[in-house]
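[1] Fold the following and give me the result.
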Amino acid sequence: MSGSNPPMNINMPYPVYAAYPPKGHFSSESESTLNFSSQNPLIHNDDPRKILRTPSPTQAEFNFLNGIKEGKTTRQKIQSYLIIAVILTIIILISVYNQKIVTALTPMTNWLHDHKFGFLIPIAILIVLSFPPLFGHEIIALLVGVAWDLPVAFVIIAVGTILGEIANYFTFKYACTARSEKLEAKELSYGLLAHVVRQGGFLMVLIIRFSAIPPHLATTVFATVGISFWTFLAAALLSLPKQLTSVYVGYGFKPSQKDNKTTNTVEKIVLVAGILVTIAAYVWVNRQMQAAKPDFIYARRKARQGKVGNVNGNGTGDANFPASFREEV
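    Residues are numbered from 1 along each chain as shown. Reported below is the predicted structural model:
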(Lines give C-alpha, C1' and ligand atoms only; values in the text may rest on other atoms or scores of the structure.)
Protein backbone atom coordinates (compact mmCIF):
# COMPACT_ATOMS: atom_id res chain seq x y z
CA MET A 1 0.00 0.00 0.00
CA SER A 2 1.15 3.53 -0.74
CA GLY A 3 1.35 5.31 2.59
CA SER A 4 -0.38 4.72 5.89
CA ASN A 5 -4.09 5.27 6.42
CA PRO A 6 -5.07 8.12 8.77
CA PRO A 7 -6.37 6.97 12.17
CA MET A 8 -10.14 6.57 12.35
CA ASN A 9 -11.94 9.00 14.66
CA ILE A 10 -14.04 6.58 16.66
CA ASN A 11 -15.86 7.91 19.72
CA MET A 12 -15.16 5.06 22.07
CA PRO A 13 -17.11 5.04 25.35
CA TYR A 14 -15.13 6.20 28.31
CA PRO A 15 -14.27 3.46 30.79
CA VAL A 16 -16.33 3.47 33.95
CA TYR A 17 -13.24 3.98 36.07
CA ALA A 18 -12.31 7.20 34.25
CA ALA A 19 -13.07 10.55 35.81
CA TYR A 20 -16.41 11.66 34.43
CA PRO A 21 -16.82 13.87 32.52
CA PRO A 22 -13.35 13.95 30.99
CA LYS A 23 -11.64 17.28 31.38
CA GLY A 24 -12.27 19.49 28.36
CA HIS A 25 -14.83 17.07 26.82
CA PHE A 26 -17.73 19.49 27.34
CA SER A 27 -17.83 23.19 26.85
CA SER A 28 -18.33 25.34 29.90
CA GLU A 29 -21.93 25.94 28.82
CA SER A 30 -22.76 22.25 28.49
CA GLU A 31 -21.04 21.52 31.78
CA SER A 32 -23.24 24.12 33.46
CA THR A 33 -26.36 22.72 31.81
CA LEU A 34 -25.65 19.13 32.74
CA ASN A 35 -24.54 20.07 36.26
CA PHE A 36 -21.41 17.97 36.19
CA SER A 37 -19.88 19.60 39.24
CA SER A 38 -18.09 18.54 42.34
CA GLN A 39 -21.19 19.52 44.32
CA ASN A 40 -23.22 16.70 42.74
CA PRO A 41 -23.23 13.96 45.43
CA LEU A 42 -23.38 11.18 42.84
CA ILE A 43 -20.36 12.43 40.88
CA HIS A 44 -16.90 12.75 42.41
CA ASN A 45 -14.06 13.40 40.00
CA ASP A 46 -11.62 12.49 42.73
CA ASP A 47 -13.12 9.01 43.18
CA PRO A 48 -14.91 7.72 40.05
CA ARG A 49 -15.94 4.51 41.85
CA LYS A 50 -18.66 6.52 43.58
CA ILE A 51 -20.62 6.96 40.32
CA LEU A 52 -23.55 4.73 41.29
CA ARG A 53 -26.85 3.72 39.82
CA THR A 54 -29.99 3.14 41.85
CA PRO A 55 -30.08 -0.58 42.73
CA SER A 56 -32.71 -2.69 41.03
CA PRO A 57 -35.70 -3.94 43.06
CA THR A 58 -35.21 -7.19 44.90
CA GLN A 59 -37.36 -10.14 43.90
CA ALA A 60 -39.62 -9.56 46.91
CA GLU A 61 -39.98 -5.85 46.00
CA PHE A 62 -40.74 -6.72 42.37
CA ASN A 63 -43.43 -9.19 43.43
CA PHE A 64 -44.88 -6.70 45.91
CA LEU A 65 -44.93 -3.88 43.35
CA ASN A 66 -46.68 -6.04 40.76
CA GLY A 67 -49.13 -7.72 43.11
CA ILE A 68 -47.52 -11.15 42.88
CA LYS A 69 -48.32 -12.90 46.12
CA GLU A 70 -46.07 -15.55 47.54
CA GLY A 71 -47.77 -18.83 48.32
CA LYS A 72 -48.72 -19.41 51.95
CA THR A 73 -47.66 -22.49 53.82
CA THR A 74 -50.26 -24.99 54.98
CA ARG A 75 -49.85 -23.76 58.55
CA GLN A 76 -50.42 -20.15 57.53
CA LYS A 77 -53.54 -21.09 55.58
CA ILE A 78 -54.95 -23.02 58.54
CA GLN A 79 -54.28 -20.09 60.88
CA SER A 80 -56.03 -17.67 58.50
CA TYR A 81 -59.05 -19.95 58.14
CA LEU A 82 -59.30 -20.41 61.91
CA ILE A 83 -59.25 -16.66 62.56
CA ILE A 84 -61.96 -16.06 59.93
CA ALA A 85 -64.04 -18.94 61.31
CA VAL A 86 -63.84 -17.60 64.89
CA ILE A 87 -64.83 -14.07 63.82
CA LEU A 88 -67.74 -15.29 61.72
CA THR A 89 -68.92 -17.58 64.53
CA ILE A 90 -68.94 -14.72 67.04
CA ILE A 91 -70.85 -12.45 64.64
CA ILE A 92 -73.45 -15.13 63.86
CA LEU A 93 -73.97 -16.07 67.52
CA ILE A 94 -74.43 -12.44 68.58
CA SER A 95 -76.84 -11.81 65.70
CA VAL A 96 -78.98 -14.92 66.28
CA TYR A 97 -78.93 -15.11 70.07
CA ASN A 98 -78.62 -11.43 70.99
CA GLN A 99 -81.74 -11.37 73.14
CA LYS A 100 -80.79 -14.56 74.97
CA ILE A 101 -77.30 -13.19 75.54
CA VAL A 102 -78.70 -9.93 76.91
CA THR A 103 -81.10 -11.81 79.18
CA ALA A 104 -78.32 -14.05 80.49
CA LEU A 105 -76.13 -11.03 81.21
CA THR A 106 -78.88 -8.91 82.76
CA PRO A 107 -77.86 -9.66 86.40
CA MET A 108 -74.30 -8.55 85.67
CA THR A 109 -75.32 -5.40 83.77
CA ASN A 110 -77.78 -4.50 86.53
CA TRP A 111 -75.03 -4.88 89.14
CA LEU A 112 -72.69 -2.64 87.13
CA HIS A 113 -75.40 -0.02 86.76
CA ASP A 114 -76.39 -0.05 90.43
CA HIS A 115 -72.90 -0.16 91.90
CA LYS A 116 -71.46 3.24 92.82
CA PHE A 117 -68.20 2.63 90.97
CA GLY A 118 -69.51 0.09 88.47
CA PHE A 119 -68.68 2.36 85.53
CA LEU A 120 -64.98 2.04 86.34
CA ILE A 121 -64.99 -1.68 85.52
CA PRO A 122 -65.74 -1.37 81.77
CA ILE A 123 -63.31 1.56 81.56
CA ALA A 124 -60.55 -0.58 83.10
CA ILE A 125 -61.39 -3.49 80.79
CA LEU A 126 -61.28 -1.23 77.73
CA ILE A 127 -57.83 0.05 78.75
CA VAL A 128 -56.51 -3.51 79.05
CA LEU A 129 -58.07 -4.58 75.73
CA SER A 130 -56.38 -1.63 73.98
CA PHE A 131 -53.10 -3.55 73.86
CA PRO A 132 -52.66 -5.94 70.89
CA PRO A 133 -53.27 -8.76 70.31
CA LEU A 134 -56.24 -8.46 72.68
CA PHE A 135 -59.61 -7.47 71.26
CA GLY A 136 -63.24 -7.13 72.34
CA HIS A 137 -64.01 -3.41 72.50
CA GLU A 138 -67.23 -3.93 70.57
CA ILE A 139 -68.50 -6.55 73.02
CA ILE A 140 -67.82 -4.28 76.01
CA ALA A 141 -69.56 -1.41 74.19
CA LEU A 142 -72.62 -3.61 73.63
CA LEU A 143 -72.78 -4.50 77.33
CA VAL A 144 -72.36 -0.87 78.39
CA GLY A 145 -75.19 0.06 76.02
CA VAL A 146 -77.38 -2.50 77.74
CA ALA A 147 -76.38 -1.50 81.27
CA TRP A 148 -76.64 2.30 81.02
CA ASP A 149 -78.88 4.72 79.23
CA LEU A 150 -77.65 7.26 76.73
CA PRO A 151 -75.58 9.45 76.89
CA VAL A 152 -73.93 7.97 80.03
CA ALA A 153 -73.05 4.84 78.08
CA PHE A 154 -71.41 6.98 75.39
CA VAL A 155 -69.28 8.80 77.98
CA ILE A 156 -68.10 5.56 79.60
CA ILE A 157 -66.99 4.05 76.29
CA ALA A 158 -65.41 7.32 75.13
CA VAL A 159 -63.34 7.68 78.31
CA GLY A 160 -62.25 4.02 78.31
CA THR A 161 -61.36 4.13 74.61
CA ILE A 162 -59.31 7.34 74.79
CA LEU A 163 -57.44 6.36 77.97
CA GLY A 164 -56.67 2.94 76.50
CA GLU A 165 -55.45 4.41 73.22
CA ILE A 166 -53.21 6.92 75.04
CA ALA A 167 -51.68 4.14 77.15
CA ASN A 168 -51.20 2.05 74.01
CA TYR A 169 -49.58 4.97 72.14
CA PHE A 170 -46.96 5.79 74.78
CA THR A 171 -46.18 2.14 75.52
CA PHE A 172 -45.37 1.35 71.89
CA LYS A 173 -43.68 4.69 71.27
CA TYR A 174 -41.10 4.21 74.02
CA ALA A 175 -40.85 0.42 74.12
CA CYS A 176 -41.31 -0.79 70.54
CA THR A 177 -40.02 1.87 68.14
CA ALA A 178 -36.72 0.09 67.45
CA ARG A 179 -38.52 -3.20 66.83
CA SER A 180 -40.98 -1.42 64.54
CA GLU A 181 -38.10 0.01 62.48
CA LYS A 182 -36.72 -3.49 61.91
CA LEU A 183 -40.17 -4.79 61.00
CA GLU A 184 -40.60 -1.88 58.59
CA ALA A 185 -37.39 -2.89 56.84
CA LYS A 186 -38.31 -6.58 56.54
CA GLU A 187 -42.10 -6.60 56.02
CA LEU A 188 -43.07 -4.76 52.84
CA SER A 189 -46.77 -4.48 53.73
CA TYR A 190 -46.01 -2.93 57.09
CA GLY A 191 -43.35 -0.70 55.57
CA LEU A 192 -45.81 0.56 52.95
CA LEU A 193 -48.40 1.34 55.63
CA ALA A 194 -45.80 3.27 57.63
CA HIS A 195 -44.75 5.14 54.48
CA VAL A 196 -48.35 6.10 53.66
CA VAL A 197 -49.02 7.24 57.23
CA ARG A 198 -45.95 9.49 57.20
CA GLN A 199 -46.85 10.98 53.84
CA GLY A 200 -50.59 11.34 54.54
CA GLY A 201 -50.37 13.02 57.94
CA PHE A 202 -53.49 13.84 59.95
CA LEU A 203 -56.02 13.00 57.21
CA MET A 204 -54.52 9.55 56.70
CA VAL A 205 -54.45 8.88 60.45
CA LEU A 206 -58.10 9.91 60.80
CA ILE A 207 -59.38 7.81 57.89
CA ILE A 208 -57.39 4.76 58.98
CA ARG A 209 -59.13 4.99 62.36
CA PHE A 210 -62.48 4.91 60.54
CA SER A 211 -61.44 1.96 58.38
CA ALA A 212 -61.64 -1.77 59.01
CA ILE A 213 -58.14 -1.74 60.52
CA PRO A 214 -58.64 -2.26 64.29
CA PRO A 215 -57.99 1.12 65.99
CA HIS A 216 -55.66 -0.26 68.67
CA LEU A 217 -53.52 -1.95 65.99
CA ALA A 218 -53.40 1.28 63.99
CA THR A 219 -52.30 3.13 67.13
CA THR A 220 -49.19 0.96 67.39
CA VAL A 221 -48.25 2.06 63.88
CA PHE A 222 -48.90 5.75 64.57
CA ALA A 223 -46.81 5.61 67.75
CA THR A 224 -43.77 4.02 66.15
CA VAL A 225 -43.53 5.78 62.76
CA GLY A 226 -43.29 9.33 64.09
CA ILE A 227 -46.89 10.60 64.24
CA SER A 228 -47.08 13.24 66.97
CA PHE A 229 -49.21 12.63 70.04
CA TRP A 230 -51.48 15.60 69.38
CA THR A 231 -52.15 14.51 65.81
CA PHE A 232 -52.98 11.03 67.06
CA LEU A 233 -55.19 12.34 69.89
CA ALA A 234 -57.17 14.65 67.60
CA ALA A 235 -57.83 11.77 65.19
CA ALA A 236 -58.81 9.47 68.07
CA LEU A 237 -61.33 11.98 69.39
CA LEU A 238 -62.86 12.65 65.97
CA SER A 239 -63.19 8.91 65.25
CA LEU A 240 -65.12 8.18 68.45
CA PRO A 241 -68.48 7.96 66.59
CA LYS A 242 -67.27 4.69 65.07
CA GLN A 243 -66.60 3.27 68.53
CA LEU A 244 -69.97 4.47 69.79
CA THR A 245 -71.91 2.61 67.09
CA SER A 246 -71.74 -0.59 69.15
CA VAL A 247 -73.04 1.30 72.19
CA TYR A 248 -76.23 2.26 70.38
CA VAL A 249 -76.68 -1.29 69.09
CA GLY A 250 -76.42 -2.54 72.69
CA TYR A 251 -78.88 0.14 73.79
CA GLY A 252 -81.33 -1.22 71.23
CA PHE A 253 -81.01 -4.67 72.84
CA LYS A 254 -82.35 -3.40 76.17
CA PRO A 255 -85.70 -5.03 77.08
CA SER A 256 -87.19 -1.56 77.56
CA GLN A 257 -86.28 -0.62 73.98
CA LYS A 258 -87.22 -3.89 72.33
CA ASP A 259 -90.59 -2.65 71.04
CA ASN A 260 -89.56 0.97 70.52
CA LYS A 261 -89.86 1.54 66.75
CA THR A 262 -87.85 4.76 66.80
CA THR A 263 -84.95 3.13 68.63
CA ASN A 264 -85.01 0.10 66.34
CA THR A 265 -85.02 2.29 63.22
CA VAL A 266 -82.18 4.48 64.47
CA GLU A 267 -80.24 1.37 65.49
CA LYS A 268 -80.46 -0.05 61.96
CA ILE A 269 -79.48 3.30 60.41
CA VAL A 270 -76.50 3.68 62.75
CA LEU A 271 -75.37 0.11 62.10
CA VAL A 272 -75.62 0.38 58.31
CA ALA A 273 -73.95 3.82 58.30
CA GLY A 274 -71.11 2.50 60.43
CA ILE A 275 -70.54 -0.45 58.09
CA LEU A 276 -70.60 1.77 54.99
CA VAL A 277 -68.17 4.29 56.49
CA THR A 278 -65.82 1.49 57.52
CA ILE A 279 -65.84 -0.04 54.03
CA ALA A 280 -65.42 3.33 52.29
CA ALA A 281 -62.51 4.30 54.55
CA TYR A 282 -60.81 0.95 54.00
CA VAL A 283 -61.17 1.21 50.20
CA TRP A 284 -59.74 4.75 50.25
CA VAL A 285 -56.76 3.73 52.40
CA ASN A 286 -56.11 0.69 50.20
CA ARG A 287 -56.11 2.86 47.06
CA GLN A 288 -53.68 5.30 48.64
CA MET A 289 -51.37 2.41 49.51
CA GLN A 290 -51.53 1.00 46.00
CA ALA A 291 -50.77 4.42 44.52
CA ALA A 292 -47.80 4.87 46.89
CA LYS A 293 -46.16 1.53 46.05
CA PRO A 294 -43.83 2.82 43.29
CA ASP A 295 -42.53 5.69 45.45
CA PHE A 296 -42.13 3.36 48.43
CA ILE A 297 -40.13 0.77 46.48
CA TYR A 298 -38.01 3.50 44.88
CA ALA A 299 -37.26 4.96 48.31
CA ARG A 300 -36.08 1.53 49.51
CA ARG A 301 -33.80 1.28 46.47
CA LYS A 302 -32.36 4.74 47.16
CA ALA A 303 -31.79 3.72 50.78
CA ARG A 304 -29.72 0.75 49.56
CA GLN A 305 -27.82 3.07 47.27
CA GLY A 306 -27.12 5.32 50.24
CA LYS A 307 -25.68 2.35 52.09
CA VAL A 308 -23.18 1.65 49.30
CA GLY A 309 -22.45 5.16 48.07
CA ASN A 310 -22.35 8.48 49.83
CA VAL A 311 -25.73 9.74 48.55
CA ASN A 312 -26.19 12.49 51.12
CA GLY A 313 -22.52 13.19 51.53
CA ASN A 314 -22.32 11.30 54.82
CA GLY A 315 -23.29 7.75 53.86
CA THR A 316 -26.67 7.86 55.59
CA GLY A 317 -28.92 7.46 52.56
CA ASP A 318 -32.52 8.61 52.59
CA ALA A 319 -33.10 10.65 55.75
CA ASN A 320 -36.80 9.74 55.74
CA PHE A 321 -35.96 6.16 56.69
CA PRO A 322 -34.81 5.07 60.15
CA ALA A 323 -31.21 3.99 60.53
CA SER A 324 -32.16 0.35 61.07
CA PHE A 325 -34.08 0.42 57.79
CA ARG A 326 -31.00 1.52 55.86
CA GLU A 327 -28.99 -1.19 57.61
CA GLU A 328 -31.49 -3.93 56.82
CA VAL A 329 -32.32 -3.10 53.19
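
[2] What is the burial count for Tyr298?
    15 (other Cβ atoms under 10 Å). The way it works is simple: take the backbone N, C-alpha and C, and place the C-beta from them, glycine included.

[3] what residues are up against it?
    By Cβ atoms under 8 Å, 6 or more residues apart in numbering, the contact set of Tyr298 is Thr54.

[4] Mind pulling up the pLDDT for it?
    Listed pLDDT for Tyr298 reads 88.

[5] pLDDT weak spots in the stretch 101-250 of the chain?
    The stretch 101-250 of the chain contains no residues with pLDDT under 70.

[6] same thing but 80
    Applying pLDDT under 80 to the stretch 101-250 of the chain flags residues 101-103, 105.

[7] the helices in the stretch 101-250 of the chain, which residues?
    120-129, 137-147, 152-175, 177-186, 188-210, 215-224, 229-238, 240-253 (DSSP state H, counting those that start in this stretch).

[8] My guess is Ser239 contacts Phe202. True?
    No: Ser239 is not in contact with Phe202 according to Cβ atoms under 8 Å; the separation is 11.7 Å.

[9] Show me which of the two is the more surrounded one.
    Between Ser239 and Phe202, Ser239 has the larger neighbour count (other Cβ under 10 Å), namely 23 against 15.

[10] need the contact list for the more buried one.
    Ser239 makes contact with Leu206, Arg209, Phe210, Pro215 under the criterion Cβ under 8 Å, 6+ apart.

[11] and what of Leu238?
    Contacts for Leu238 (Cβ under 8 Å, 6+ apart) come out as Leu206.

[12] Over to Met289?
    With contact set as Cβ under 8 Å, 6+ apart, Met289 has these partners: Leu192, Leu193, Val196.

[13] of all those, which comes closest to Val144?
    Leu193 (30.8 Å; Cβ to Cβ).

[14] ok, that closest one touching Thr220?
    No: using Cβ under 8 Å, Leu193 is not in contact with Thr220, being 10.9 Å away.
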